[in-house]
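Novice: No sequence on hand, only this structure:
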């Protein structure tokens, strides 16, 4: 990997916090809040590459591809977190969106020093996952310099996978091996180099937008309702009932009965209701319409 000549913005000292240790508690809170307020506008300026990334991932999903996040430290943990939240929220297989973190599973809860420093380890992680040209790999590195992430992106690119990179350091953009670069410039951190703060928040916003946008395009949302959620606990079972009640105007007991007939699955339950179908018929209609609830229930009867 080429050496970076400039100090990344994420590693520079923030003039606004130069006397941080001398501030009162209220002043510390106010300063952090003021700096955090810079994050959303910085992410908004990345609208075009975020749109392009969503469209790339959506296209690859249509070809049977998967999405992989690759990062180290905070960046890696954020990728794993976003991937872990997709199955319960959108009802997808855990294999569809996956997180790869330098240092492996133990790095999720404890710092693994030096794990991010070896580009060949990143390349090997790509090989272990058997990534193909149908897949998309998203590298995440606040400073943009992490060798593990660069090694993974370069290997993915040689395979022909789609490549995306998220970084908060504008100085390194020209050296990043990715087709699409998302670069929210949030400025130096309140604590110098602590990218778990603004850079981490910006990264979380981008990841939320990527997977949410893609899943909407996949028909996993109707209006603003998560109709493909997996009701794996009492809260989600209650949410499932409320979604059915909201869309059908059924009473709670009738909505619950309909869900029971649909084996707890919201989307088939709604097709059963609106199309006067049984469960096998509802599942066939959804398959016919590529799992789009709107198309299935809006089709002329």
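Specialist: Received, thanks. Quick caveat: nothing in here was measured; it's all calculated off a predicted structure. Residues are numbered from 1 along each chain as shown.

Novice: For the stretch 51-200 of the chain, which residues score under the pLDDT cut-off?
Specialist: 113 (pLDDT under 70).

Novice: Helices of that one, residue ranges please.
Specialist: For the stretch 51-200 of the chain, the helices identified by DSSP state H, counting those that start in this stretch occupy 73-90, 119-128, 147-159, 198-217, in order along the chain.

Novice: Check which residues of the longest one are buried.
Specialist: In other words, helix 198-217. By neighbour count, and taking 16 or more other Cβ atoms under 10 Å as the criterion, the buried residues in helix 198-217 are 198-207, 209-215, 217. Every C-beta, even on glycine, is put in place using the N, C-alpha and C of the backbone.

Novice: ok, now the shortest one?
Specialist: Residues of helix 119-128 classed as buried: 119, 121-123, 125-126 (neighbour count, 16+ other Cβ under 10 Å).

Novice: And that helix, what does it pack against?
Specialist: If you count contacts as 3 or more Cβ pairs under 8 Å, 6 or more residues apart in numbering; DSSP states H and E, helix 119-128 packs onto strand 67-71, helix 147-159.

Novice: Swap in 10 Å and give it another go.
Specialist: Helix 119-128 sits against strand 67-71, strand 97-101, strand 136-140, helix 147-159, with contacts defined as 3 or more Cβ pairs under 10 Å, 6 or more residues apart in numbering; DSSP states H and E.

Novice: Equivalent analysis for the third one, please.
Specialist: Using 3+ Cβ pairs under 10 Å, 6+ apart as the contact definition, the elements that helix 147-159 packs against are strand 67-71, helix 73-90, strand 97-101, helix 119-128, strand 136-140, strand 162-166.

Novice: picking up where we left off before, ok, the buried residues of helix 119-128 vs residue 98, which is closest?
Specialist: Lowest distance from residue 98 to the buried residues of helix 119-128 (Cβ to Cβ) belongs to residue 125, with 10.5 Å.

Novice: Isn't that closest one up against residue 139?
Specialist: No - with contacts defined as Cβ atoms under 10 Å, residue 125 does not count as touching residue 139, sitting 11.4 Å away.

Novice: Touching both of these two, which residues are there?
Specialist: Between them, residue 125 and residue 139 share the neighbouring residues 68, 70, 100, 148-149, 151-152, 156, with contact defined by Cβ atoms under 10 Å, 6 or more residues apart in numbering.

Novice: Let's see if you can find the most crowded of those residues.
Specialist: Neighbours here mean other Cβ atoms under 10 Å. Within these, the largest count is held by residue 149, at 34 neighbours.

Novice: Double-check that one against residue 115; I have them as touching.
Specialist: No - using Cβ under 10 Å, residue 149 is not in contact with residue 115; the gap is 11.3 Å.

Novice: shared neighbours of the two, anything?
Specialist: Common neighbours of residue 149 and residue 115, counting by Cβ under 10 Å, 6+ apart, are 72, 76, 102.

Novice: And these, which is closest to residue 91?
Specialist: Distance ranking of those against residue 91, using Cβ to Cβ, places residue 76 first at 25.1 Å.

Novice: how many neighbours does that closest one have?
Specialist: Neighbour count for residue 76, taken as other Cβ under 10 Å: 28.

Novice: Isn't it up against residue 138?
Specialist: No - taking contact to mean Cβ under 10 Å, the distance of 11.5 Å between residue 76 and residue 138 leaves them out of contact.

Novice: okay, and the common contacts of these two?
Specialist: Contact criterion Cβ under 10 Å, 6+ apart; residues bridging residue 76 and residue 138 by contacting each: 69-70, 99-100, 149.

Novice: What is the nearest of those to residue 292?
Specialist: Of all the shared contacts of residue 76 and residue 138, the one with the least separation from residue 292 (Cβ to Cβ) is residue 69, at 26.3 Å.

Novice: Can you tell me how far the closest one is from residue 215?
Specialist: For residue 69, the distance to residue 215 (Cβ to Cβ, to the nearest Å) stands at 15 Å.

Novice: among the helices and strands packed on helix 119-128, which is the most enclosed?
Specialist: Among these, the stretch with the highest mean neighbour count (mean count of other Cβ atoms under 10 Å) is strand 136-140, at a mean of 30.

Novice: Which neighbours in the sheet does that strand have, and how are they oriented?
Specialist: Strands flanking strand 136-140 in the sheet, each with its direction: strand 67-71 (parallel), strand 162-166 (parallel) (DSSP bridges).

Novice: per-domain residue ranges of the chain.
Specialist: According to the domain assignment given by automatic domain parsing, the chain is divided into the following structural domains: 9-217, 234-298.
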